[in-house]
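> What follows is a predicted structure for the sequence shown.
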Amino acid sequence: MYLAYDYPLLGAFWTMLWFFLWILWLILLFRIILDIFRDDSLGGWGKAGWLAFVILLPFLGVFVYLIARGRKMGEREVQRTQAQQRDFDTYIRETAGTSGSHEVAELERLSEIRARGDLSDEEFQRAKEKILH
């Protein structure tokens, strides 16, 4: 009936702390597993060995991995993020450059033809509407 008396406030704080640490541990474990798979410098046997070590002896495996390869883990993450940003920027430049420059070039060509007198204003407007739509 009186559950609050059986579970004091300090007990609730300890429970929250242990739960928070458990979540942090899982995040660290999954980051290390992802780093093992993403590392191009490791061969297949190296990846299998590290993965077995981290899964079979999780606490020892994670700590040894962080000591042995922790610095490179951060560098690889930064390189991967920079590569993704470069790819995204290249994609945006290519996408924005191809469609817009084609339309601009066509409008310039039409403007030159109209300036020479080979195209009337009405024909120019119709051609411009086709290009823009």
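Arrived safely.
> starting at the chain centroid, how far to stretch 43-59?
Put simply, stretch 43-59 sits 25 Å off its chain's centre (CA atoms, centre = their mean, to the nearest Å).
> Please identify the buried residues of it?
Neighbour-count burial for stretch 43-59 flags 50, 51, 53, 54 (criterion: 16 or more other CB atoms under 10 Å). No exception for glycine: its C-beta is placed from N, CA and C like everyone else's.
> contacts for that stretch?
Contacts to stretch 43-59, defined as CB atoms under 8 Å, 6 or more residues apart in numbering, come from residues 29, 32, 33, 36, 37, 39, 42, 60, 61, 62, 64, 65.
> circling back to that earlier point, return the closest of the buried residues of stretch 43-59 with respect to residue 126.
Nearest to residue 126 among those: residue 51, at 65.4 Å, using CB to CB.
> host element of that closest one?
helix 44-56 (DSSP states H and E).
> Over to residue 84?
Secondary structure from DSSP H and E places residue 84 in helix 58-116.
> need the contact list for residue 6.
With contacts defined as CB under 8 Å, 6+ apart, residue 6 is in contact with no residue.
> Oops, could you answer that again for residue 29 instead?
Per CB under 8 Å, 6+ apart, neighbours of residue 29: 54, 58, 62.
> swap in residue 81?
Residue 81 makes no contacts at all, as judged by CB under 8 Å, 6+ apart.
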